[in-house]
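Participant: have a look at this prediction, sequence included:
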Amino acid sequence: MMDKKEITVIGAGLVGSLLAIYLAKRGYAVKLYERRGDMRREKVIAGRSINLALSDRGLLALEKVGLADEIKKIAIPMPGRRIHNQDGSSAFQPYGKEGQYINSVSRATLNMKLMDLAEKNGIEIFFNHRCASIDWKNKTINFEKVDSGSSSNVKYDLLFGADGAYAASRLQHQLQHERFEYQQHYIDCGYKELSIPATDSGEFALEPNALHIWPRKDYMLIALPNLDKTFTCTLFFPFEGETSFSRLDTKEKVKYFFEMTFPDVVPFMPNYIEEFFSNPTSSLVTVKCFPWIREDQFALIGDAAHAIVPFFGQGMNCGFEDCRILDELIGQFNGDWMQILEQFQLARKPDADAIAELALNNFTEMRERTADPQFLLQKKIEARLHEHFPDKWIPAYSQVTFSPQLRYSEALQRGQRQENIMYDVMRIPGIAEKWDSPEVEQLILRKLEEQ
Ligand SMILES: Cc1cc2nc3c(=O)[nH]c(=O)nc-3n(C[C@H](O)[C@H](O)[C@H](O)COP(=O)(O)OP(=O)(O)OC[C@H]3O[C@@H](n4cnc5c(N)ncnc54)[C@H](O)[C@@H]3O)c2cc1C
């Protein structure tokens, strides 16, 4: 066993806090620095989204630090999505097999629980400390004290940058690196959060155990349930164009648009017009970069290494998986950080790239295809195959969401192979009538073996 380094983590968000716990459990002394104030003591704006979908990858990583059961208690299971069509009809589409579900959790509550557990494990958290710059040569971080405006230099031994999609640590890494690969891509849609309060009798206004989607081709509205019987809605919507944020610039236009486009949910959203103008419009970015590490002294992790768009509900899950994989490597390489960090980026970079691609593709699926009868038929065929041949055919969504041991890169490849097969199958004449026949099933299996 090599000497135990002292470890500094920048960012006490979801990933930084979980990472710190993993490291402390391995016996390292960990210091955690966070730009914001302590959200357990003061009201801090949650940032990103109010609630999140936590699925099996995230749960597996939480389980390893003994937190999964506690988080499940504050989560609302969502076994499928409820699609709300424009004509007022709706349909429930299960996400997986009976008993499989994703979980709606409050970002703030989850983050606070992680911070509590971090402190219980002896980790000191320094709030209101914004990483301003890093001197890689002298292994020193300059922090600005956000509350007082003063600044201080802190020496580090081993450093993790877990400071999110717009990471200062990543920028410092890039500025002092000769061949740093960096790519960022903004999609042309942004998002805005709105809310559905509990009904007058204190109940959920919509079915709670579902992720609600109002797919409208170029855009969509979604809603996830909260424990206080409210829903947080997110409108994913173009920034510019005929129907866009830039055009909805008066209360009248917003009212008209919502009443025409989302007529069934408007009665449950008494404050949507005010919220539309008071809540921010935020952008959605994919960040890819490489290398994530500097020898044995620094690594990026979570969104700082790989920010993705939220349409597969995997950003946090992927960041939590980073922590679990890193922990396995610590065990495997017995504290040799040169090896651990090198193997970490080698293992995780292809998976982060894969989930970035899957997430972008899923936007089209959610906003466009979920209301398409052909797509629904395809899903029905795939679900049946999965039921009959659970090892041979796993629908792409289940590979990502309910198969936590399967790498994202493998899920992407398998998903593409299956999609090619289904492309041909959906073109078989009369498929709508014989979709559940042995003939179709055998054909698919043959195609699978040929690939
Ligand atoms: C609209 C939306 C919906 C989403 N839904 C889901 C979902 O359903 N499921 C899912 O798995 N993922 C979802 N995500 C993705 C998820 O939010 C992120 O992947 C996750 O928050 C990443 O965690 P992180 O700790 O890496 O970064 P962050 O959560 O961004 O945390 C970074 C932390 O670093 C701190 N920080 C930043 N800069 C500095 C600095 N200079 N110095 C010190 N501290 C700093 C920040 O204050 C913050 O606390 C969604 C994202 C968006 C935008």
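Facilitator: Alright, I've got the coordinates.
Participant: what lies in contact with stretch 368-381?
Facilitator: Applying C-beta atoms under 8 Å, 6 or more residues apart in numbering, the external contacts of stretch 368-381 come out as 81, 83, 85, 91, 93, 213, 215, 217, 365, 395, 422, 425-426, 431-432, 435-436, 440, 444. Every residue, glycine included, has its C-beta placed from N, CA and C.
Participant: restricted to strands, list the residues you listed.
Facilitator: Secondary structure from DSSP state E places 81, 83, 91, 93, 213, 215 of those in strands.
Participant: ok, the fourth one touching residue 81?
Facilitator: Translated: residue 93. Yes - assessed by C-beta atoms under 8 Å, residue 93 is found in contact with residue 81 at 5.2 Å.
Participant: buried residues in stretch 151-162?
Facilitator: For stretch 151-162, burial by neighbour count (16 or more other C-beta atoms under 10 Å) applies to 154, 156, 157, 158, 159, 160, 161, 162.
Participant: could you do stretch 444-451 as well?
Facilitator: 444, 445, 447.
Participant: so what's the model's average confidence on it?
Facilitator: Stretch 444-451 carries an average pLDDT of 90.
Participant: same thing with stretch 166-185?
Facilitator: On average, the pLDDT along stretch 166-185 is 96.
Participant: contacts for that stretch, please.
Facilitator: 10-11, 130-134, 136, 159, 161, 163, 285-291, 294, 298, 300, 303-305.
Participant: contact residues of the stretch 101-250 of the chain facing the ligand?
Facilitator: Proximity of the stretch 101-250 of the chain to the ligand (C-beta under 6 Å from any ligand atom) is limited to residues 130, 131, 162, 163, 164, 165, 168, 191, 234.
Participant: what's the answer for the stretch 301-450 of the chain, then?
Facilitator: Within the stretch 301-450 of the chain, the positions adjacent to the ligand are 302, 303, 304, 310, 313, 314, 315, 316, 317, 319 by C-beta under 6 Å from any ligand atom.
Participant: ok, the first one - contacts?
Facilitator: By that I understand residue 302. Contacts of residue 302 (C-beta under 8 Å, 6+ apart): 11, 13, 14, 15, 16, 19, 162, 164, 319, 322.
Participant: how distant is stretch 337-351 from the center of its chain?
Facilitator: 21 Å (C-alpha atoms, centre = their mean, to the nearest Å).
Participant: now it: buried residues?
Facilitator: Per 16+ other C-beta under 10 Å, stretch 337-351 contains these buried residues: 337, 340, 341, 342, 343, 344, 345, 347, 348, 349, 351.
Participant: which of those residues lies closest to residue 102?
Facilitator: residue 351 (19.2 Å; C-beta to C-beta).
Participant: pretty sure that closest one is touching residue 413, no?
Facilitator: No - the criterion here is C-beta under 8 Å, and residue 351 misses it with residue 413 at 11.5 Å.
Participant: on that earlier part again, so which of the buried residues of stretch 151-162 sit within strands?
Facilitator: Residues of these located in strands (DSSP E): 154, 158, 159, 160, 161.
Participant: would you reformat the residues you listed as a markdown table and include pLDDT and distance to residue 201?
Facilitator: Output for these, formatted as a markdown table (pLDDT from 0 to 100; distance: C-beta to C-beta, whole Å):
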| residue | pLDDT | distance to residue 201 |
| --- | --- | --- |
| 154 | 97 | 53 |
| 158 | 98 | 54 |
| 159 | 98 | 52 |
| 160 | 98 | 48 |
| 161 | 98 | 48 |
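Participant: shaky segments in this structure?
Facilitator: Low-confidence segments of the chain, defined by pLDDT under 70: 1-3, 44-48.
Participant: do that again at 50, thanks
Facilitator: Judged by pLDDT under 50, the chain has no weakly predicted residues.
Participant: quick check, central residue of it?
Facilitator: residue 315 (2.5 Å; C-alpha atoms, centre = their mean).
Participant: quick check: that residue touching residue 305?
Facilitator: No - taking C-beta under 8 Å as the definition, residue 315 is not a contact partner of residue 305, at 11.4 Å.
Participant: neighbours of residue 130, how many?
Facilitator: Neighbours of residue 130 under the rule other C-beta atoms under 10 Å: 17.
Participant: isn't residue 207 right up against residue 82?
Facilitator: Yes - with contacts counted by C-beta under 8 Å, residue 207 reaches residue 82, the gap being 6.1 Å.
Participant: the two: which is more packed in?
Facilitator: residue 82 (18 against 12).
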